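**Student:** Quick one: sequence and predicted model below, then my questions.
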Amino acid sequence: MTAVTSRTQADTGPDSTPEDLDDLVLHMAGVGVRRGSTDLLKDLDWRVELDERWVVLGSNGAGKTTLLRLAGAELHPSTGVVHVLGERLGRVNVFELRTRIGFATAALAGRVPAEEKVRDVVVSAGYAVLGRWREEYDQLDTGRADDLLENLGIAGLGDRTFGTLSEGERKRTLIARALMTDPELLLLDEPAAGLDLGGREDLVARLTDIALDPDAPATVLVTHHVEEIPPGFTHLLLLSQGGVVAQGLIDDVLTSENLSAAFGQSLELERSGDRFFARRRA
Ligand SMILES: Nc1ncnc2c1ncn2[C@@H]1O[C@H](COP(=O)(O)OP(=O)(O)OP(=O)(O)O)[C@@H](O)[C@H]1O
């Protein structure tokens, strides 16, 4: 496998604290996650800076969700050191830390009550709850929720119930919820999974808007497909069997060779404008 890194990480061993931690949204050094005799992640070094938008790409079971859960302070590493927003996991109140992170996952979608109004799904993020618990929210909050729904192209759905939404509309609602608290880090776990072609393309365009917004938080997006990489995303981490195949600037790292190594078969990568496509070599 080819190991490509766009910056040196030699000075960031497991026990050292990087001097420039203030500029780093995520810092992982020598990280492993082990369950029984299985390494879900191993020997992982990763740094995410404030203005970066990362894609984490890999096959089923590669360890993507495990990595995102570390970044979301939902999981502790078995080995190595993880800093999230300058705080070291294991030495910080993760409940407080999580209020600074926007996290959109399919698992969260499964926990939203079907009868919950879309606007309330979004606005309740500010209160760190699911399921409406107050009769009235602050007008500023509901106004922000409506703005976010509009930005994500679902302005008219605020009064609908979550259970009546299409898969694509649910994904967008959860992204709006993740952005509601103005997070310093945005984590998106397979936002385009289950969407039809039109839904995927529309979501990719919305995610490009977020990626290109200089006020948007540092973002990490997990996907299985190069076709889902939104223009505007800057960096790529390729995972395979819990290990890093390559990481760095997308333009440097996303190659047929690295993709083939990550997915364990000979793949041909094509680029069309600012989008990517891949297929198996004949
Ligand atoms: N508690 C556990 N015990 C043992 N193995 C686990 C445990 N949790 C996850 N795994 C395994 O770890 C591997 C990585 O899981 P993870 O969910 O991070 O992968 P992923 O890249 O997100 O996969 P997918 O794309 O299919 O969602 C998988 O093979 C999974 O079966």
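**Tutor:** Perfect, thanks for sending it.
**Student:** Around residue 268, how many other residues sit close by?
**Tutor:** 13 (other CB atoms under 10 Å). Backbone N, C-alpha and C define where each C-beta goes, glycine included.
**Student:** Now it. Nearest residue, chain neighbours left out?
**Tutor:** Spatially, and ignoring its direct neighbours in sequence, residue 268 is nearest to residue 281 (5.0 Å; CB to CB, 6 or more residues apart in numbering).
**Student:** Now the closest residue to residue 159 other than its chain neighbours: phi and psi?
**Tutor:** Distance criterion CB to CB, 6+ apart; nearest residue to residue 159, sequence neighbours excluded, is residue 117 at 6.2 Å. Backbone torsions of residue 117, given as degrees, to the nearest 10, read phi -70, psi 140.
**Student:** if I pick residue 117, what's in contact with it?
**Tutor:** Contacts for residue 117 (CB atoms under 8 Å, 6 or more residues apart in numbering) come out as 132, 158-162.
**Student:** residue ranges for the helices of the stretch 51-200 of the chain, please.
**Tutor:** For the stretch 51-200 of the chain, applying DSSP state H, counting those that start in this stretch gives helices covering 64-71, 94-98, 106-111, 118-123, 139-151, 167-180, 197-212.
**Student:** So which of the ones you listed is the most surrounded?
**Tutor:** Neighbour counts (mean count of other CB atoms under 10 Å) averaged over each of those peak at helix 118-123, with a mean of 26.
**Student:** Rounded mean pLDDT for it, please.
**Tutor:** For helix 118-123, the mean per-residue pLDDT is 92.
**Student:** ok, the helix or strand of the chain with the lowest mean pLDDT near the ligand or not?
**Tutor:** Least confident helix or strand, the chain: helix 106-111 with a mean of 84, by mean pLDDT, DSSP states H and E. No: Helix 106-111 stays clear of the ligand (CB under 6 Å from any ligand atom), getting no nearer than 8.9 Å.
**Student:** Now do the same for residue 14: its pLDDT.
**Tutor:** pLDDT, residue 14: 47.
**Student:** residue ranges with poor pLDDT in the stretch 101-250 of the chain?
**Tutor:** 126-137 (pLDDT under 70).
**Student:** Whatever residue of it ends up closest to the ligand: what's it in contact with?
**Tutor:** Per CB to the nearest ligand atom, residue 224 is where the stretch 101-250 of the chain lies closest to the ligand, at 5.8 Å. With CB under 8 Å, 6+ apart as the criterion, the residues that contact residue 224 are 57-60, 190, 193.
**Student:** how about these in CSV, adding distance to residue 32 and neighbour count?
**Tutor:** Shown next, in CSV, are the contacts of residue 224 (distance: CB to CB, whole Å; neighbours: other CB atoms under 10 Å):
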residue, distance to residue 32, neighbour count
57, 20, 30
58, 16, 23
59, 19, 15
60, 20, 6
190, 23, 20
193, 27, 15
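**Student:** residues in contact with the least confident helix or strand of the chain?
**Tutor:** Here helix 106-111 has contacts from 130, 170-171, 174, 189-190, 193, using CB under 8 Å, 6+ apart.
**Student:** can you list the residues of the stretch 151-282 of the chain near the ligand?
**Tutor:** Proximity of the stretch 151-282 of the chain to the ligand (CB under 6 Å from any ligand atom) is limited to residues residue 224.
**Student:** Show me where the stretch 151-282 of the chain has its strands.
**Tutor:** 185-189, 218-223, 235-240, 243-249, 267-272, 275-280 (DSSP state E, counting those that start in this stretch).
**Student:** Please produce CSV containing the ones you listed, extended by distance to residue 123.
**Tutor:** Shown next, in CSV, are the strands of the stretch 151-282 of the chain (distance: least, CB to CB, whole Å):
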stretch, distance to residue 123
strand 185-189, 18
strand 218-223, 22
strand 235-240, 32
strand 243-249, 36
strand 267-272, 39
strand 275-280, 34
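**Student:** Nearest to residue 147 among those strands would be which one?
**Tutor:** When the strands of the stretch 151-282 of the chain are compared by CB to CB, strand 185-189 sits nearest residue 147, at 16.3 Å.
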